[in-house]
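1. no sequence for this one, just the structure:
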Ligand code: CTP
């Protein structure tokens with residue numbers, strides 16, 4: 001019996017897939033179809049697949065061409081599958097010409113003609129409404145945002161607002177956007193959603209004004225500098241049925257989401273200690289060192305480690321203590337200690353002090369270690385007393401990693417979901433509360 005294998009995502013199954021499967025089947029007597037798992041697709045950058053793996057498998061079965069369906073979960077699996085199933089022919093569409101020649105060592109490799117004029121990408125584009133997004137603020141992070149947004153379907157960055165019209169124009173030209181504005185009401189006219197990447201002190205007003213103009217909002221960290229302000233804007237968003245999301249990028253990245261799930265499942269026992277460090281040495285001429293622009297380690301850096309602590313230990317903080325080194329009126333280094341019932345957490349952050357940026361979560365059975373930079377989680381280890389039980393987990397964190405938060409934001413808008421477990425309103429409000437208390441000097445010892 002001649003066995004043939006082929007692989008694909010097979011999203012929104014179409015004529016091109018059917019032709020490919022028919023031709024593959026004709027190459028032998030028995031056809032195995034490998035369907036990519038949802039997490040494998042995510043990992044290789046396919047963030048917009050419509051059908052989940054079960055739906056895609058069912059669609060393949062319904063074609064009647066497959067004698068067997070398997071799931072493809074990781075890179076390199078094809079070699080295993082070919083050997084295990086004793087495959088004679090590996091077949092794939094001609095868009096992959098040459099890419100799988102390395103499999104010739106194991107079986108015959110055939111590139112079948114691809115059907116012109118149709119693809120899942122095309123079908124997804126036709127089905128989906130594309131949301132128009134405008135950016136407020138054209139600084140460093142906004143420059144990283146536009147290229148990342150291009151990896152996410154259903155969103156088009158069309159416009160930029162900056163009170164300085166020449167800066168706005170320059171940004172528009174750099175990225176080939178449709179519009180640049182220095183007048184907010186004009187800016188709001190042709191967009192569905194806003195990404196706020198302006199200086200911290202302006203976030204609250206821009207969030208309010210965007211929501212009042214009916215726009216969904218993705219706002220950079222820190223969302224607000226006061227708990228009450230954060231609460232107010234979330235209530236406003238809810239009352240208007242609009243999405244408001246804090247762009248706390250780590251919270252959306254696949255490896256970090258898995259890390260939280262693993263810890264919650266009890267793999268290291270009860271969590272007793274969370275230590276998160278993060279430092280970024282910044283030139284003293286930058287905004288981060290300017291007290292009048294709410295600079296400082298806490299406002300710049302704390303939302304990311306605080307988000308981790310709140311996710312792992314909850315929001316019932318019993319006691320807080322800070323030790324900070326100040327330069328002028330800016331904390332260039334802060335160690336914060338937070339106690340919970342049965343647990344403690346600490347953040348060590350600095351703009352003028354460099355430290356190892358790792359994350360350690362200690363539990364009653366073992367601990368989790370994420371090397372620097374944990375905020376771009378790609379790899380982590382679970383370690384035990386008996387080292388033989390240690391486990392390592394690897395993932396792919398794509399470039400700047402902003403695409404994950406953009407993807408969640410757009411899928412919330414499209415799915416009319418105003419909340420997400422990935423970054424909850426309550427978590428953003430608690431972070432704003434913590435920042436506010438620090439800025440008031442509560443529980444703070446100056447070093
Ligand atoms: N295929 C084909 N003709 C098409 C589209 C896909 O022959 N018009 C083949 C691919 O070459 C591959 C298989 O179908 O062998 C599964 O491809 P998949 O990536 O799932 O389909 P696409 O429509 O190309 O998906 P996307 O647009 O998401 O890349």
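-> Cool, the structure landed. Just so we're clear, the structure is a prediction, and the values are computed from it rather than from any experiment.
2. what's the average pLDDT for the biggest helix by length in the chain?
-> Criterion DSSP state H: the longest helix present in the chain is helix 425-439. For helix 425-439, mean pLDDT rounds to 97.
3. swap in stretch 369-382?
-> Average pLDDT, stretch 369-382: 92.
4. A strand includes residue 218, no?
-> Yes: judged by DSSP: H, G, I helix; E, B strand; the rest coil, residue 218 forms part of a strand.
5. tell me what it is bridged to.
-> Counting by DSSP bridges, residue 218 forms beta bridges with residue 195, residue 245.
6. does it touch residue 405 like I think?
-> Yes: counting by Cβ atoms under 8 Å, residue 405 is a contact partner of residue 218 at 6.9 Å. Every residue, glycine included, has its C-beta placed from N, CA and C.
7. pull out the buried residues from the helix or strand following the longest helix of the chain.
-> Toward the C-terminus, helix 425-439 is succeeded by strand 444-446 as the next helix or strand (DSSP states H and E). Residues of strand 444-446 classed as buried under the neighbour-count rule (16 or more other Cβ atoms under 10 Å) are residue 444.
8. how far away from the center of its chain is strand 444-446?
-> Distance of strand 444-446 from the chain centroid (Cα atoms, centre = their mean, to the nearest Å) equals 34 Å.
9. tell me how far residue 171 lies from the ligand.
-> According to Cβ to the nearest ligand atom, to the nearest Å, residue 171 stands 31 Å off from the ligand.
10. tally of neighbours for the nearest residue to that residue once chain neighbours are set aside?
-> Counting by Cβ to Cβ, 6 or more residues apart in numbering, the nearest residue to residue 171 once its immediate chain neighbours are dropped is residue 138, at 3.9 Å. Neighbour count for residue 138, taken as other Cβ atoms under 10 Å: 24.
11. next: residue 332.
-> 23.
12. equivalent analysis for the one 10 residues further on, please.
-> Each residue near residue 342 was counted by other Cβ under 10 Å, and the total is 10.
13. which residues touch it?
-> Contacts for residue 342 were tallied using Cβ atoms under 8 Å, 6 or more residues apart in numbering; they are 270, 272.
14. how about residue 170?
-> Contacts of residue 170 (Cβ under 8 Å, 6+ apart): residue 138.
15. bridged to residue 133, which residues?
-> Assigned bridge partners for residue 133, using DSSP bridges, are residue 157, residue 193.
16. brain fart, residue 392
-> Applying DSSP bridges, one finds that residue 392 bridges with residue 381.
17. that one contacts residue 378, correct?
-> No: using Cβ under 8 Å as the test, residue 392 is too far from residue 378 to be in contact (11.4 Å).
18. which helices and strands sit right next to the longest helix of the chain?
-> helix 227-239, strand 244-247, helix 297-301, helix 303-313, strand 319-327 (3 or more Cβ pairs under 8 Å, 6 or more residues apart in numbering; DSSP states H and E).
19. the ones you listed: which one's closest to residue 10?
-> Closest approach to residue 10 among those (Cβ to Cβ): strand 244-247, 31.1 Å.
20. summarise which helices and strands that closest one is packed against.
-> Against strand 244-247 (3+ Cβ pairs under 8 Å, 6+ apart) you get strand 216-220, helix 227-239, helix 402-414, helix 425-439.
21. if you set the cut-off to 7 Å instead, what comes out?
-> Counting contacts by 3 or more Cβ pairs under 7 Å, 6 or more residues apart in numbering; DSSP states H and E, strand 244-247 packs against strand 216-220, helix 227-239, helix 402-414.
22. quick check: what element follows that strand along the chain?
-> Next in sequence after strand 244-247, counting helices and strands by DSSP H and E, comes helix 254-264.
23. the ligand contacts on the chain?
-> 8-11, 16-17, 20, 92-93, 95, 114-115, 118-121 (Cβ under 6 Å from any ligand atom).
24. now with 5 Å, please.
-> Contacts of the chain with the ligand, taken as Cβ under 5 Å from any ligand atom, map to 8-10, 16-17, 20, 92-93, 95, 114-115, 118-121.
25. can you turn the buried part of these into a ChimeraX selection?
-> Only the buried entries of the residues of the chain next to the ligand go into this ChimeraX selection, using 16+ other Cβ under 10 Å:
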select :8,9,10,16,17,20,92,93,114,115,119,120
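26. the residues of the chain next to the ligand in strands, which ones?
-> 8, 92-93 (DSSP state E).
27. now distance to residue 416 and pLDDT too, for the residues you listed, in CSV please.
-> Converted to CSV, those look like this (distance: Cβ to Cβ, whole Å; pLDDT from 0 to 100):
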residue, distance to residue 416, pLDDT
8, 31, 97
92, 38, 97
93, 36, 96
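28. which one of these is nearest residue 419?
-> Nearest member of these to residue 419, counting by Cβ to Cβ, is residue 8, at 34.0 Å.
29. so what's that closest one up against?
-> Taking Cβ atoms under 7 Å, 6 or more residues apart in numbering, we find residue 8 in contact with residue 17.
30. switch the cut-off to 6 Å
-> If you count contacts by Cβ atoms under 6 Å, 6 or more residues apart in numbering, residue 8 has none.
31. likewise residue 290?
-> Counting by Cβ under 6 Å, 6+ apart, residue 290 touches no other residue.
32. so which bits of the helix-or-strand element of the chain with minimal mean pLDDT are buried?
-> In the chain, the helix or strand scored least confidently by mean pLDDT, DSSP states H and E is helix 120-127, which has a mean of 83. Buried residues in helix 120-127, counted by 16+ other Cβ under 10 Å: 120, 123-124.
33. what of stretch 253-262?
-> 253-257, 259-260, 262.
34. ok and the residue in the stretch 151-300 of the chain nearest the ligand?
-> residue 153 (9.8 Å; Cβ to the nearest ligand atom).
35. quick one on the thing from earlier: now the helices and strands packed on strand 244-247 as JSON lines including mean pLDDT and mean neighbour count?
-> As requested, the helices and strands packed on strand 244-247 are arranged in JSON lines below (pLDDT from 0 to 100; neighbours: other Cβ atoms under 10 Å):
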{"stretch": "strand 216-220", "mean pLDDT": "98", "mean neighbour count": "26"}
{"stretch": "helix 227-239", "mean pLDDT": "98", "mean neighbour count": "18"}
{"stretch": "helix 402-414", "mean pLDDT": "93", "mean neighbour count": "23"}
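36. please consider this matter closed, and thank you.
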